[in-house]
Each structure stands twice: as structure tokens, then as C-alpha cells.
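A.B. asks: dropping the sequence and predicted coords here.
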Amino acid sequence: MATSRQLSVADQIRQLDGARKLVLKDVSYYPQVIQATMPIIGPSSHVEFRRWGADFLAEAFSTPAVPLSGRETLALTVLDTLKSLVEDPNQDVMVLRSVIQTAASIYPLAMRWIINNAYDFPTWGKMTAIKTRIRDIWDTAPLTVRICCIKFVQRVVLAHTSSVNPEPRRGDPLDISRNMVPPNHSVLDGDQLEAEASGLLDRMLSVLEDETSDPLLVDATLNTLSILVRQRPKTSHRIISTLFNFNPLKLATATPLTPKMKVLVKSMEKTTRMLLTHLYRRDVHNPLAGRMQQYVERLARSRAEIFDENGRKRAMVDQVSVGEAKRQRTATLSNRNHTLKAGENTLAQVFTFTNNDGLKNFNVSDAIPAPLAAKISVRTIAQLDTEILQRAIDGVRARFAAFQEVCQQPLNPETAPLGIEEDDDDYEPDYYAAEDTEQLMNKLDSSPSDERRDLQAPVLGALPLPAFKLPPPPLLDPEQAAKVGQGAIARVFGTMQTLEDPTTKKSKAGLNRLAASSYDRDSWITVITRLATRATAGLDDISVKDEHNALALPTVSMSDSIREMLYAYVMEDFRKRIDVAVTWLTEEWYKERVQHRFSSSPNQPRDAPANYEKWTLRLVDGFFSYLHSQDKVLTRFLSELPELTISILARVKLLCRDPSLVNLALTSLYYLVIFRPPVRDIALDTVQDIWTEYEDARPTAAKYLQKWRPGFVDAAQKGAGSTPVGANGAIVAT
Amino acid sequence: MEVANGAATTTTTPAENGEREDVGGYKLKFCTVCASNQNRSMEAHLRLAQANYPVISFGTGSLVRLPGPTIHQPNVYPFNKVSYDTIYKELDGKDHRLYTANGLLNMLGRNRQVKWGPERWQDWQIGYPRTEQGKDRGHAGTEGGIVDVVFTCEERCWDAVIDDLLNRGSPLNRPVHVINVDIKDNHEEASIGGSGILDLAESLNKAAREEREVMGATAFDMATAASRISFDERVPEIVAEWQERWPNLPATWTLAWF
């Protein structure tokens, strides 16, 4: 009978496990499965079912796979079952554990429910009853249940106190706190909740205040505190001050250490240390962070003392005298002898004041890993009485002075024995770089001891450090420099290509504007043109002379290479980029004017290269062959150029070789005649020449000349017989 | 110092590569953790899986790091994205002789038989169902995505695990024993450490089973129950006894929360 029933229990559990696997695959089945299993796992069921059910509920309400809102509505359906399970005085411990875990997950959900649904007082009543029951058994239940009570209470404290996240919806959705309780809630009173939380927290922390607490409870408590300190500012001071008063090593001082005791002491000490380290690392601005760090270091030290004495006695024998020396040190500080013994002294001896031989012979670099030694040094110096430090420094200084007097040779930093003992050089290769080293050491096949030795930090004494000078950079020859410079310029052009023309005309800032401050295309043009014209101004001519004299420089000058690039840039789309050309040529012209003014004053005038005219002509030659009759760009270009010369206008004249361009050329010239009086004469001369040379152009040219040089046409026509019309006619014909 | 690890133990460790018959019954769920989820945690993972325990494994490092041709050229891979098989093939292609000689290929060959690829502890969504990993060794029982005991193989990893758990803020409200077993990172020590971890797991599981059997009685009296010792309470004692048997694998324990 019994066996058949047992079998059926096992079978049913197997079925339930099947149902669980189904929900794990698809969590949307949780509501159905919980509904279906609730009768099976109720308070009167077989203990196996209750265990299974309680475990299942604990899992269902903690899994992050189910969204919080889903868990909230589900929670309401299981409160009755949880309440009856937890209130059964004969309840199985395992069931109790899981039920309390479930309650811990549900408590904040239930609280959020009642905040939003104040009418549903019965539901909140059930939750409160569960809480009361858990509070009651908290002190008397088996330890394994009590740790779950601690966790439940932590959840209650979290829910009842104000969070650091002022807006709960923005932060962690699970961060349900007092902030969410409205001031006039009909069921919940914020102040009352907080008072309750404060009481519960006190009870929680009493575990750490009571010296006889079981380490299991201590660990369980310590490991719940992090989130309280971080997210519930009102609790943090209380918790941290409790931690400061908690001595996890107390257990170790009383009795001889059994193996179990060792595990327990080590566990509590390490857990405390981890918690505090975690807290001050996460919140370095916490006013208590410094104290936490100190506490952690103190703890590590006393732990090392306790365990070293017991575990590493053999290794520590020769350090006993060191301990004595330490204690004596303060006593001997005042009556130290400042004079060094005659003869050669090591740097270590210069800095040594103690008379204790044991301490003198103690080689720090052998016994203490460098990072620890550095830490100790820094801390010691920080805590040192400034007067004592000053006296010590004066002492060393006096020794150096005496030393210098005796042997006139100054201490050469390159040859002084740096690495004997007190090598506190900053150079500290990070051989301890945590995980990397560990992994790098993973030369798995060879013997571990050999491998380790290779990778340990070098023994400080064995590492002489000569002064290191960086090798001089390789010389940059002019050709390379020019190449690099061209590369830079090419990149600026590359950037300009990507910059769009400004779509809207910005209002000009007038005279106050700064050139090249807006990083748009115009700015870059300004930068480039000035680089081309001004950067090497005054140097160019010298190089030109050199070229004339010796032809030594095979390279094109920087400026010229920029000009070439500018030329190419304009020619790529001269109709759009004519403004660039004008800007550039204006800069050229301006630079030449300035240079001319400077060079004309000294006695030895230099022949500055005539870049303006040279490049204007090149540009004109370049784009004139592409002009068509409608290109107003010519008129604009000619009128905007800062200076027009006869040779430029001669190029315009040549345009008339193409009959379709005659009109354009003449209109442009006429425009100059009207609007640029300074060049009126040479423009009219050009028109005259056109009249003379190109018969196709005569009607229009004559019209303009009639107005501005009335006598010319008549005079020319009178002497027509001798004009070389024929020759020009031939040109026109080609 | 001369005492060899495990010399005093009476429980015989299973033969190398020995699969064990599954005797069923209640089983604790384990998790093994080392830096790169390659050597120590995977050795222990396999050993626990061979003994039919539910087990998963992780690494706490920022990256998976394997030795390369020199100490300055380690082979580095991201967690969760590269399979053991891929790493195996890459290293095999790079330098078959070197990586055979230093045992890396052998190790990766083993690992790819155990699970898909190295996983990072900090990226583990605790409590998220693990139903997709059905082919992993030791998968049966870990579907719920939680474990009862975490074994770390190095103090640094234990610290990383505890710090991470503190950081997560224990939203699952579930206790977990985190035990460090200090194992040097080489093949030989990993193998010894694997035996040590399996021995510890056996001892813990035995206690957990006893707890469940004792509490099987329907009538439970709260007053006398306090005198009975639960599994959770016995853990430090079990660790201490184990430490006597394995003096060269220093252990640290705490009770933390998921």
C-alpha cells in the first residue's frame, strides 16, 4: 500500500516536473500552470508536493523571464496558499524556506498593488499576516529558515524606505520604495512604514552586534546590505557604523582554531571586507569611504596576523626580530646618529637611521611584493609626524653635504647604486596586472613553478636602471618634408570637397568677421590661399635666387605646389569656383603689394616673384578655352580681379578669334570701361586693338569706341589701306 | 606540504574519463567559475557532469585569454560569442605544433565536447531559464537557470562573483553558497582541483540529501527542529573537513544571495 502510494507521488512529481519544463520553455504558461497546481500543493498536501510547489512558486516569482506586471497579478492568486503554508506550525522546513523566499519576492509587488488599488484591503491584509508570521518565527526557526527571514526583512526595509531614485518608473522597475506611496493613501502611511523599516533594520543588524551570532546568519546578513546602503540613503549610515563596530575576527581570538572555526572566521572576515570594498568602490564620494578603506586594510592586516601565526610559522621565523624592531623604532628616533661611517656607503645606508641590525639586514624586496611595499610606504609617509619626517630629511641632507665635502665627486645619478635596498623608483612594471598575467602564465604544459618565477616582478635589487635617453628622431630631408606638407594640403582639399556650399547666404559680419573661423568651405579657402601666398613669403625669392645660381633645389616650393593644387581645384569647375580664384588671386596681389612695400625701403631691392600675374595668366589661359558665349563668369572675373594688366587684357582680345565669343569679350571690356576708370584706358586700347585686328568684331567695337574715343574709328578708317587687315583676316579664318 | 591533495580521503575519486551510473535522487545544482571558462572551471564542469550533477560554468575575466606564441601575444576572444570549436580550429590553423605541445588543443577539444563556448559570469542572467543549452554536459537540472553552490577556482574569481552578486542587489531572494577552491592555472593542477571539487560536491550533496530525508516526516515540531542541523549550517563544517583532506587547495566560503 505504502509503496504504491509512494510510486504515485513520484509519478505525480514527474508530471509536475513536466509542467515546469513547459513553463520554462514558454513563460506565458505560468498563470495556467500555477492555477492548475495550486490545489495540489496546498497546505494539506503530501510534503513532497508542498516542497515541489513552494520551490516552484519561489522560482516563478523570482525569474526575470516574467515581466513584473505579470508577476504582480499572479501574486494576488497565491497569497492565500502562502499564508496558510507559512502559518502551519508543523510546516516542513524546506517548504517554509521556499515560502519565505516567495514572500520576499512578492512583498514589493503586493505593496505596489495596494498603492495603486487602495480598495483591495483584504489582499494587503494577507500580505501583512504573512509578514507578521515571518517576523514571529525569525528568532526561533532553524538557521536555514532564519536566513530566509533575513532576506524577507531586507525586502520589506527596501520597500518601506525612500529610494535614491526619485522617479521609480525611470530607474529599476523593481525598485519599489516609499517614494511611491502617496501622502494621503487610505491604507498605507509612509511614516509608519518607515518607522517599521527602521525597527526591522535594527533587528537585522543586531546579528552583527551580538557576538554569539552564528556565522551563517552573519554572512547572510552582510550579503544583503549592499543594496540597502547604495539605494536607501536613510539606512546607509546606520549600516556602515554597525559594520565599523563589527569585528569578524572576534571568534578567532578566543579559542584555539579548529578547522571549522578557521573556515568560519575566514568567511566572515572576507565577506565583511568584500562588502566594504564593494561599497567604497561604488561610491568614492561617500564621506565614509576613506574610513571604510582604512577599516578594510586594518582587517586584512589583523587577519594576516592571525592566520600567519597559525599557518605559516616556519616561513615567518626570521621576521620575529623585525616585529621587535618596529616597536623600538619610535624610541630610537630622537637619538639617531646622523654621521655616516667613513669610506664607501651604499645609497641604502645614506637613508638608514635605525641601529637595529635585524632591520638593517631585512631585505624588503625579497620579503614583500613591490606593490605591497609601495602601499605601505605611501601610507606610512602619509601618517608620519611631519616633524619626524623633517628631521629625517634634514639628516639625509646633512649626510649628503658631508659626503660631498669628503669626496668632491658629486653623486652621479647614472652610476649611483640605485637598486640596493631603498629603490623607490617610480618604475614599477605592472607584472601583477590581475587576470592578464594569470592567463599569460597559463603555459599549461610546462612545470608551474618554473613558469611562475619567470613572470614574477623582477627583484628590485637586481635591476640597475641606467639613464635612458630617447634615440634622436631620424632627420627629415627637405624632400620628405615637402612630401608630408603636400599630403597635409591634399587632405585639406579632400575636406573641402566634402563640404557643401552653404545653401543660404549668411549675412556678412562685415569688417568684424574673422577669417577662417567657421570651418566651412570659405574658411578653408582662406587658410589655403594664405598658406600658399604668405607662409613662405620672403623665402620664395631666396630659393628662386638659389635656383638661378646653382639649380640646387630639385623640389618645387611648398607654395607653388599649393598653387598647383588650387589651380587644379578651380579648373575642376571654374564656373562655380571663380570666387575661389578671385579670392586666391586677391591674396596673391595683396601679398605682392605688401612685399613690394617692404622690399622697396631697404637699399637692396629683391625681385619678388610675380606670382599674381603668372597665375592669373595661367588661369585665364586655362579656362578661356572653355568659355561659351553666355558665360557671364568672364565679366565677373575681370571686374573682380584686383589688378588688370595689358597682358591679361591681351588674352581677352584673343578670345575674339572665336566669332561667337566676340560679344562676350567686348561686353566684358566695355563693362570695365564703364565701371573701372583706372583701367579704362588699357581696356579701350584693347577694344581698339580688337577693332583693328578682327573684322567680325568691328561693328560692336566701333559702337563702343564711338562713345569713348570718338576720333579713333574715323582716323583708322581713313588710313585703312595700310592696316594689316589681311593678316588678321587669315587668323580669323583659321 | 608533503601531504598530497586528497591522500587522506576515503572516497575514491572516479577513474579518469569515467562516466558514472546515475543513481538518481536529489541533486544539488552546481556552477564552476574560473577566469576564462577554459581550464579549471571546465575541468570541474566535466567532472561534475560525469558524476551526473547538474552543472553550468562561467569565467569572470573581461575576455577569454589563452597563451600565444609569447607572453606578449596572448590569444584573446570575447565571451559568449565564440565557440570552443571555433577557437580550436583557429589555433589549430595558426600553429598546430605549438598548441598541441602546450596542451591547448587538447583542452579545447575536451571543452567542445562539454558545451558550446565560454560564458561570462557577469553576463549571466541568473534565474533566466536555460532551456536552449540542452546539449551541454550537465544540463539536466539546470533548466531553471539557478544553482545551489558556486565553486570558484581562484580567490580573484570569488571576489568577482561576490562583488557582482552584491552589485545585482539579490533580486531573486535565493541563498547560494559560494566556495572558492584555489587552483593553480595549469592542466595538472586543474585535474587535481577537479577531483577536489568533485569530492566537495559529493560531500555537500550527501548532506543535502540527508536534510531532505530527515525532514520528510509530515509532523514537524518547530521547537525541536532547532536542534536539527540543516544543510546550510553544515556547509562550513563540510568545507573544513574537506580542507583537511585537501590541504593544498585553500578554500573560502560564504553564503550569498542571487
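C.D. replies: Structure received.
A.B. asks: I would like the residues contacting stretch A:202-222, please.
C.D. replies: A:138, A:143, A:146-147, A:150-151, A:153-154, A:157, A:224, A:238-239, A:242-243, A:245-246, A:248, A:250-251, A:264, A:267-268, A:271-272, A:275, B:175, B:232-233, B:235-236, B:254-257 (C-beta atoms under 8 Å, 6 or more residues apart in numbering or on different chains). Using the backbone N, CA and C atoms, a C-beta is placed for each residue, glycine as well.
A.B. asks: mind redoing it with 7 Å?
C.D. replies: A:143, A:146-147, A:150, A:153-154, A:239, A:242, A:246, A:250, A:264, A:267-268, A:271-272, A:275, B:175, B:232-233, B:236, B:254-255 (C-beta atoms under 7 Å, 6 or more residues apart in numbering or on different chains).
A.B. asks: what does stretch A:586-593 give?
C.D. replies: Contact partners of stretch A:586-593, identified using C-beta under 7 Å, 6+ apart, comprise A:529, A:530, A:533, A:534, A:537, A:608, A:611, A:612, A:615, A:642, A:643.
A.B. asks: OK, contacts around the fourth one?
C.D. replies: This points to residue A:534. Counted by C-beta under 7 Å, 6+ apart, residue A:534 has contacts residue A:591.
A.B. asks: what segments of the stretch 151-258 of chain B are strands?
C.D. replies: Per DSSP state E, counting those that start in this stretch, the stretch 151-258 of chain B carries strands over the ranges B:175-181, B:251-257.
A.B. asks: rebuild those as TSV, extending it with mean neighbour count and distance to residue A:288.
C.D. replies: Listed next are the strands of the stretch 151-258 of chain B as TSV, based on neighbours: other C-beta atoms under 10 Å in any protein chain shown; distance: least, C-beta to C-beta, whole Å:
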stretch	mean neighbour count	distance to residue A:288
strand B:175-181	24	26
strand B:251-257	24	23
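A.B. asks: pull the number of nearby residues for residue A:258.
C.D. replies: By other C-beta atoms under 10 Å in any protein chain shown, 11 other residues sit near residue A:258.
A.B. asks: can you tell me which residues in the stretch 51-200 of chain B are near chain A?
C.D. replies: Contact residues (C-beta under 7 Å from any C-beta of the partner chain) of the stretch 51-200 of chain B with chain A: B:61, B:65, B:67, B:71, B:74, B:101-104, B:125, B:127-129, B:131, B:143-144, B:156, B:159, B:162-163, B:166, B:169-175, B:184-187, B:189.
A.B. asks: residues of the stretch 1-150 of chain A that sit close to chain B?
C.D. replies: A:21, A:24-25, A:47, A:58-59, A:62-65, A:89-94, A:101, A:104-105, A:140-144, A:147.
A.B. asks: name only those of the residues you listed that count as buried.
C.D. replies: Buried members of the residues of the stretch 1-150 of chain A next to chain B, counted by 16 or more other C-beta atoms under 10 Å in any protein chain shown: A:24, A:47, A:58-59, A:62-65, A:91-94, A:101, A:104-105, A:141-144, A:147.
A.B. asks: distance of residue A:287 relative to chain B?
C.D. replies: Distance, residue A:287 to chain B, using C-beta to the nearest C-beta, to the nearest Å: 21 Å.
A.B. asks: ranges for the helices of the stretch 151-300 of chain A?
C.D. replies: Using DSSP state H, counting those that start in this stretch, the helices of the stretch 151-300 of chain A run over A:190-209, A:215-231, A:233-245, A:250-254, A:259-282, A:289-311.
A.B. asks: low-confidence ranges, chain A, go.
C.D. replies: Within chain A, the segments meeting pLDDT under 70 span A:1-7, A:166-173, A:254-255, A:308-344, A:405-466, A:500-517, A:537-556, A:600-608, A:719-734.
A.B. asks: please read the previous query as pertaining to chain B.
C.D. replies: B:1-18, B:214-228.
A.B. asks: mind jotting down where the helices sit in it?
C.D. replies: B:40-50, B:84-94, B:96-101, B:104-114, B:155-168, B:187-214, B:222-225, B:231-245 (DSSP state H).
A.B. asks: which of these sits most buried?
C.D. replies: Mean neighbours per residue, mean count of other C-beta atoms under 10 Å in any protein chain shown, is largest over the helices of chain B for helix B:40-50, with a mean of 28.
A.B. asks: about what we covered before: okay, and which of the residues of the stretch 1-150 of chain A next to chain B map to helices?
C.D. replies: Short answer: the residues of the stretch 1-150 of chain A next to chain B in helices (DSSP H) are A:21, A:24-25, A:47, A:58-59, A:62, A:93-94, A:101, A:104-105, A:143-144, A:147.
A.B. asks: from the residues you listed, which two are the most distant?
C.D. replies: Greatest spatial distance in these: A:25 and A:143, 35.9 Å, computed using C-beta to C-beta.
A.B. asks: what residues of the host helix or strand of residue A:76 count as buried?
C.D. replies: Using DSSP states H and E, residue A:76 sits within helix A:68-87. Across helix A:68-87, burial judged by 16+ other C-beta under 10 Å covers A:71-72, A:74-76, A:78-79, A:81-87.
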